[in-house]
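Participant: Need coordinates for the following:
(chains A and B)
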Number of protein chains: 2
Amino acid sequence: MDYKFSEKVAGLQASAIREILKFTSQPGVISFAAGNPAPEAFPTEKIADISAEILKNDPVLALQYSVSEGYPPLRELLKKRMQLKNCFNPDIDDLIITSGAQQANELSCKVLCNEGDTLICESPSFIGSLNAFRSYNVNLAGIEMEKDGMKLDLLEEALKKGTGQKLIYVIPNFQNPTGATMSLEKRKGLYQLACKYDAVILEDNPYGDLRFAGEDVPSIKSMDTEGRVIYSGTFSKILAPGLRVGYVSAPKEIIQKIVVCKQVSDVHSTIWSQIVCERFMTECNLDDHFDKLRSIYREKCGLMLDCMDKHFSDKVIYERPEGGLFIWATLPKGSNMTEFCTEAVRDYKIAVVPGTAFMINESDKTDSFRLNFSTPANEQIIKGIEILGNMTKEKFD
Amino acid sequence: MDYKFSEKVAGLQASAIREILKFTSQPGVISFAAGNPAPEAFPTEKIADISAEILKNDPVLALQYSVSEGYPPLRELLKKRMQLKNCFNPDIDDLIITSGAQQANELSCKVLCNEGDTLICESPSFIGSLNAFRSYNVNLAGIEMEKDGMKLDLLEEALKKGTGQKLIYVIPNFQNPTGATMSLEKRKGLYQLACKYDAVILEDNPYGDLRFAGEDVPSIKSMDTEGRVIYSGTFSKILAPGLRVGYVSAPKEIIQKIVVCKQVSDVHSTIWSQIVCERFMTECNLDDHFDKLRSIYREKCGLMLDCMDKHFSDKVIYERPEGGLFIWATLPKGSNMTEFCTEAVRDYKIAVVPGTAFMINESDKTDSFRLNFSTPANEQIIKGIEILGNMTKEKFD
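Facilitator: Alright, predicted model coming up:
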């Protein structure tokens, strides 16, 4: 039979990164294409101990149906932690557990936006979120990025033109894919514009605890006096992504709708995972754990940047991120970036993600590509960046 | 600020059952309101052993990001198992892992239906699926149930009237909430009508392995020569629901769309859970395990029915299910069923689910309520049914 798919999904494609990742499973390929946290950062023994304890003493708790809002002790811990960061206001907010921040972002769009509504995001931005928004057939409006975040004059134009519920999606810390951190001024300006044009902000902060240089910048959520910021976080980068545990802090009315949509999506997140996160937060010194993570990422990012400084053509431009997992490199104007990335993986077995994957419209042009430093081993970084660097020198010097 | 929610979720309410379940946490309440599998059926020690082994030998596999389609060895095992049941045809079908059958059902609706499209279902039906469909603003058309499934003449009328992609949702085995099993004739008739009116069937089979009486009836999927049946299954009732592992077998084109939507929903299901299911299937004798489950459910259902036979007024009607978790009881015509259920929990501390929770429209009337026999302990069944029975005798004899 001929299948008729819904308008919202008819044009939806699997993430372009997935296609590239297929190449990376071939023998000998060095991949800078993933977005995986460093496996050496997983506290595997501690998780095994916690898991054994849970399944010995509380097996039914870990295996039976649970509540959609999430494991209550974990919610309480996160509320307290988020309150200390001014990302949870007990008077107006609620906080629930989601299946990764991905689900928090997807459901925020589902509850707020009708098909055709305007959803404003940074351009480029995280493809997982972009595809989630696309799956609800919203009108994506991409705002050009600068070193310190999106251009606010373009944001204001988009807000003026926007229709329906206006939702602004941003990753203010060590953005995926650019690694850029939004300045305090821009955060304030963004919030003021949201108030002026009655928009809701979706602040996605998966990498916030992975700052290995510079100073923390206050979250947009912490400036929210009008109840217009949804804040999503995750254990994927600080504990382990396979657990699929994230959370969302937002005004109670919004959380109520998100809970109902979560309930119809997966009933609740895997309860074993939630208990593992709760016990880890209770039994371990989180600050020590984060310090360890930050030193791993500082070292890996520093190594990759050192290698890039040494081997890359001067014509290739890149910024030095203060945290997160990614470096964004830009080839000289007019060079064929897609061909460069294809050649890199096909002929030299080095995988990176072409920047087009993160653009809002297929026709948007970019000369940039994304490099991940958290997943590869150090020797892969040293070898792979040298090969990639030689390619840039051959082509552009 | 005033929040504007999307049209699809603006009217969406949390499951009515959840409100009843709040009463059940009060001390002394005997609950027949849940839909939980029997905790004594969980193979907790085996799961603990498997988990320890995974986290010792393959911690990164269990904790790192994984593929959206699901853990490949689990998919292969399920494909083989489903193929033996004629629920997977390798020439036309694909099979992926979902976060419970709930996600399989939700995403089937998302990929196939636009807002306003007709979705036909049994009336009454499983509230979790109904709410999932409501969250996409489809037009639900409920078809009256008989002992052997929905009335096919009414189904044909609904198909004639239906607009857009017509999707028919059914739970053919031990339906939730009625416990009814669709006869072979009706399955064939349903499939023929789907072909005639170019509809897609979503066959939800969460309880199929929990048959404790009578003979298996071939699945609708096994009759599918045109690629119009989506089949969803789950480990929730045969292993443990807290794991959140389900699966969906459907024509490849449909699965491709579901995978993309799953990716934007939660990236992938918790990988630890998926490995637990795979190892359990590999290391344990599934038939022995199912025999054990069936004897637990046979005993509990039989005990509840015996108690009902003994204590209930003859004016209350109920069928004897051949499997699953539920018994559907119907009060005499014109009695106030909602008041009966409210009084039962408020004055006698016995919780059941009023049938209205499962109706398609709020205004649909029913004299029935749902009893669950899998979750309560045997002594609770004996005591609770006697109290409920005395209530029925007082009111109706």
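Participant: How about the residues of the stretch 151-300 of chain A by chain B?
Facilitator: Counting by C-beta under 8 Å from any C-beta of the partner chain, the stretch 151-300 of chain A comes close to chain B at A:164-165, A:198, A:200, A:226-228, A:236, A:240-244, A:251, A:253-254, A:256-257, A:259-261, A:263-273. (C-beta placed from N, C-alpha, C; glycine too.)
Participant: Could you pull out the buried residues of stretch A:344-355?
Facilitator: A:344-345, A:349-355 (16 or more other C-beta atoms under 10 Å in any protein chain shown).
Participant: I'd like to know which of the residues of the stretch 151-300 of chain A next to chain B are buried.
Facilitator: A:164-165, A:200, A:227-228, A:236, A:240-244, A:251, A:253-254, A:256-257, A:259-261, A:263-273.
Participant: on that earlier part again, in helices, which of the buried residues of stretch A:344-355 appear?
Facilitator: Cross-referencing the buried residues of stretch A:344-355 against helices under DSSP state H gives A:344-345.
Participant: Roughly how far does A:Leu152 sit from A:Cys195?
Facilitator: 13 Å (C-beta to C-beta, to the nearest Å).
Participant: make that A:Ala357, sorry
Facilitator: 33 Å.
Participant: Which one of these two is surrounded by more residues?
Facilitator: A:Ala357 (21 against 15; other C-beta atoms under 10 Å in any protein chain shown).
Participant: Residues contacting the top strand by length along chain A, please?
Facilitator: Of all the segments of type strand in chain A, defined by DSSP state E, the longest one is strand A:139-146. Strand A:139-146 has contacts (C-beta atoms under 8 Å, 6 or more residues apart in numbering or on different chains) with A:116-125, A:130, A:133-134, A:150-151, A:154-155, A:158, A:161-163, A:175, A:178, A:180, A:359-361, A:364.
Participant: Quick one: buried ones out of those residues?
Facilitator: A:117-125, A:130, A:133-134, A:150-151, A:155, A:158, A:162, A:175, A:178, A:180, A:359-360.
Participant: can you pull the contacts of the residue lying closest to A:Ser269 once chain neighbours are set aside?
Facilitator: Excluding the flanking residues, the one nearest A:Ser269 by C-beta to C-beta, 6 or more residues apart in numbering or on different chains is A:Ser99, at 4.6 Å. Contacts for A:Ser99 (C-beta under 8 Å, 6+ apart) come out as A:244-246, A:262, A:265-266, A:269-270, B:99, B:265-266, B:270.
Participant: let's see it at 7 Å
Facilitator: Listed by C-beta atoms under 7 Å, 6 or more residues apart in numbering or on different chains, the contact partners of A:Ser99 are A:244, A:246, A:266, A:269, B:99, B:266.
Participant: out of the residues you listed, what pair is the most spread apart?
Facilitator: A:Gly246 and B:Ser99 (13.3 Å; C-beta to C-beta).
Participant: Could you pull out the strands in chain A for me?
Facilitator: Under DSSP E, chain A gives strands at A:30-31, A:93-98, A:118-123, A:139-146, A:149-150, A:167-170, A:200-204, A:229-234, A:246-251, A:317-318, A:326-330, A:350-351, A:353-354, A:368-372.
Participant: Give the partner strands of the third one in its sheet and their orientations.
Facilitator: Sheet pairing of strand A:118-123 (DSSP bridges) gives strand A:139-146 (parallel), strand A:167-170 (parallel).
Participant: Now the longest one - C-alpha only, CSV.
Facilitator: Looking back up the chat, that one is strand A:139-146. Taking Å, rounded to 0.1, in the frame of the first residue of the first chain, the C-alpha atoms of strand A:139-146 are listed here in CSV:
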residue,chain,number,x,y,z
ASN,A,139,8.3,27.6,11.4
LEU,A,140,12.0,27.6,12.4
ALA,A,141,13.6,31.1,12.3
GLY,A,142,17.4,30.9,12.6
ILE,A,143,19.3,33.9,14.1
GLU,A,144,22.9,34.3,13.0
MET,A,145,25.5,33.6,15.8
GLU,A,146,28.4,35.8,16.8
